[in-house]
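1. after the sequence you'll find the predicted model.
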Amino acid sequence: MSVYKSDNLDHFKEAVNSVLDQTYDAFSLFIWRDGEVPESIDNFLNELEFESDVQVFRESQNRGLASALNALIDKVVETDEFTYIARMDSDDISYSTRLSKQVSFMQENVDVDVLGTGCREFGADFALDKKCLPQSHDELVDFSVARCPFIHPSVMLRKAIFERSELRYPTNTDFTEDMGLWFLLLEAGFRFANLPDILLDYRLNDATLSRRRGIGKSLSEVRIRLKYMLLLKRISFTNVAKVLSRLIFHVMPVSMVRVAYKNLR
């Protein structure tokens, strides 16, 4: 989990406590302070450092989410005591059984390298009470051509992915960090899955949608999606149409995006 200057203290506390209250207890929470944060958040981080299952790392300059997550991955890889890496955001809420269910699935399905879950969105009138994505690897490869295969803060990955390779979140693209990593992992032959269980409350608002807009972001996304459609051998008229439709989605007014977000998924 990484925390930022614009983060809300109450939301951050909710996110942290939801992790510390898991029924699965063989874990450590790694938090990266990415640049300056409000004094109230810094004080909370100071309190957390006294928790035996929390490790706090501080960066004086903001480096961005991809760099923060890569730094945390490197910290975990340096240790010998963990098998899995679970993602979490600083304003979402994990359900108490999230880690136990994901670990159980990963132990029973040794061919799966990355595992997501369903979520309940909240915080906006266009939020969905239940959001579930395709579950099997083959479905997710097809789905990835035009859509993101995971709810990012719900994901658990095998640490071995990062021990065996130099794969990390890409930092040199306008594309979203998570989708950039998913394409790299698919190209490298790693396998995906999603649980149908709702195990995360995902905070959503107009700012979430605004971050996904812009012609530069749109063109970058379309280029990369077309590239990986070829690499993953998923070329079809339908997939090309789905990818090109992203151009429209990213330049629509937020009011229209809100309607499309809730009704066209």
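-> Structure received. Keep in mind that this is a model prediction, so the values were computed, not measured.
2. packing partners of the longest helix anywhere in the chain?
-> For the chain, the helix reaching the highest residue count under DSSP state H is reported as helix 215-231. In this structure, helix 215-231 packs against helix 177-187, helix 237-251, with contacts taken as 3 or more CB pairs under 8 Å, 6 or more residues apart in numbering; DSSP states H and E. Yep, even glycine has a C-beta here, placed from its N, CA and C like the rest.
3. go through the one helix or strand Pro196 maps to and flag the buried ones.
-> Using DSSP states H and E, the secondary-structure element containing Pro196 is strand 192-203. Residues of strand 192-203 classed as buried under the neighbour-count rule (16 or more other CB atoms under 10 Å) are Phe192, Ala193, Asn194, Leu195, Asp197, Ile198, Leu199, Leu200, Asp201, Tyr202, Arg203.
4. would JSON lines of those residues with pLDDT be doable?
-> What follows is the buried residues of strand 192-203, written out as JSON lines (pLDDT from 0 to 100):
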{"residue": "Phe192", "pLDDT": "98"}
{"residue": "Ala193", "pLDDT": "98"}
{"residue": "Asn194", "pLDDT": "98"}
{"residue": "Leu195", "pLDDT": "98"}
{"residue": "Asp197", "pLDDT": "98"}
{"residue": "Ile198", "pLDDT": "98"}
{"residue": "Leu199", "pLDDT": "98"}
{"residue": "Leu200", "pLDDT": "98"}
{"residue": "Asp201", "pLDDT": "98"}
{"residue": "Tyr202", "pLDDT": "97"}
{"residue": "Arg203", "pLDDT": "94"}
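5. redo these as TSV? Include distance to Phe82.
-> Conversion of those to TSV gives the following (distance: CB to CB, whole Å):
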residue	distance to Phe82
Phe192	20
Ala193	20
Asn194	22
Leu195	20
Asp197	23
Ile198	26
Leu199	20
Leu200	20
Asp201	25
Tyr202	25
Arg203	27
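6. which of these sits closest to Ser144?
-> Of all the buried residues of strand 192-203, the one with the least separation from Ser144 (CB to CB) is Phe192, at 8.1 Å.
7. isn't the closest one up against Val112?
-> Yes. Phe192 sits in contact with Val112 when judged by CB atoms under 8 Å, with a separation of 7.2 Å.
8. which stretches in the stretch 1-150 of the chain count as helices?
-> Listed in chain order, the helices of the stretch 1-150 of the chain (DSSP state H, counting those that start in this stretch) span residues 9-20, 39-48, 65-77, 98-108, 137-144.
9. can you put those in CSV and add mean neighbour count and distance to Pro153?
-> Supplementary listing: those in CSV, determined by neighbours: other CB atoms under 10 Å; distance: least, CB to CB, whole Å:
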stretch, mean neighbour count, distance to Pro153
helix 9-20, 17, 9
helix 39-48, 14, 18
helix 65-77, 18, 11
helix 98-108, 17, 10
helix 137-144, 18, 17
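10. turn those helices into CSV, columns for mean pLDDT and distance to Tyr228.
-> Supplementary listing: these in CSV, determined by pLDDT from 0 to 100; distance: least, CB to CB, whole Å:
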stretch, mean pLDDT, distance to Tyr228
helix 9-20, 98, 31
helix 39-48, 97, 37
helix 65-77, 96, 18
helix 98-108, 98, 25
helix 137-144, 95, 7
